[in-house]
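Chemist: requesting a structural model of the entry that follows:
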Amino acid sequence: MNNDYELYKLKAELCKTFADPKRLMIINQLRHGEKTVGNLTQVLQVPQAVVSRHLAVLRSRGIVTTRRDGVNVYYSLANPRIVDACDIVHEILLEQVARNRDIAEKLLL
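Modeler: Just a heads-up that it's a prediction; the model follows:
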């Protein structure tokens with residue numbers, strides 16, 4: 001049981017990594033290939049310090065990796081299945097929204 005609990009703790013920690021909208025936006029951008037902090041700052045329209053802070057969290061949790069080319073550091077997803085996981089959560093969310101909309105419409109009739 002102790003090993004199971006430790007595994008669940010690790011899963012919970014990984015899930016916490018995805019519990020921020022800006023980190024999810026960064027992951028979504030990285031699905032299209034590697035990007036620099038500057039690229040992400042421009043696309044997401046948030047300050048560079050914010051992007052860097054979130055990338056540091058993603059990097060420390062093994063979600064993104066880096067590649068240095070001269071003065072530029074390029075970030076990419078460590079595992080492409082991360083995108084699949086995010087897509088599944090997105091689909092579930094859309095299903096929940098549709099179901100709640102149907103319930104609300106029935107209540108208003």
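Chemist: low pLDDT regions in the chain?
Modeler: Applying pLDDT under 70 to the chain picks out residues 1.
Chemist: ok, which stretches of it are strands?
Modeler: Assigned by DSSP state E, the chain shows strands spanning 35-36, 64-69, 72-77.
Chemist: who does the second one pair up with?
Modeler: Applying DSSP bridges to the sheet, strand 64-69 is found paired with strand 72-77 (antiparallel).
Chemist: okay, buried residues for the partner strand please.
Modeler: Neighbour counts over strand 72-77 (16 or more other Cβ atoms under 10 Å) mark 74-75, 77 as buried. In short, each C-beta sits where N, CA and C put it, glycine included.
Chemist: from the residues you listed, pick the one nearest A19.
Modeler: Proximity to A19 was ranked across the buried residues of strand 72-77 by Cβ to Cβ; first place goes to L77, at 17.5 Å.
Chemist: which non-adjacent residue is nearest the closest one?
Modeler: Closest residue to L77 apart from its sequence neighbours, by Cβ to Cβ, 6 or more residues apart in numbering: L30 at 4.9 Å.
Chemist: any chance of the strands of the chain in a markdown table with distance to F18 as columns?
Modeler: Shown next, in a markdown table, are the strands of the chain (distance: least, Cβ to Cβ, whole Å):
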| stretch | distance to F18 |
| --- | --- |
| strand 35-36 | 18 |
| strand 64-69 | 12 |
| strand 72-77 | 12 |
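Chemist: how much space between I88 and E95?
Modeler: From I88 across to E95, the span is 11 Å (Cβ to Cβ, to the nearest Å).
Chemist: report the central residue of the protein.
Modeler: L24 (2.9 Å; Cα atoms, centre = their mean).
Chemist: list the contacts for the closest residue to T17 other than its chain neighbours?
Modeler: Using Cβ to Cβ, 6+ apart and skipping residues adjacent in sequence, the residue nearest T17 is R61, 4.5 Å away. R61 makes contact with 13-14, 17, according to Cβ atoms under 8 Å, 6 or more residues apart in numbering.
Chemist: buried ones only from the residues you listed, please, as a ChimeraX command.
Modeler: Buried residues within these, by 16+ other Cβ under 10 Å, are selected in ChimeraX with:
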select :17
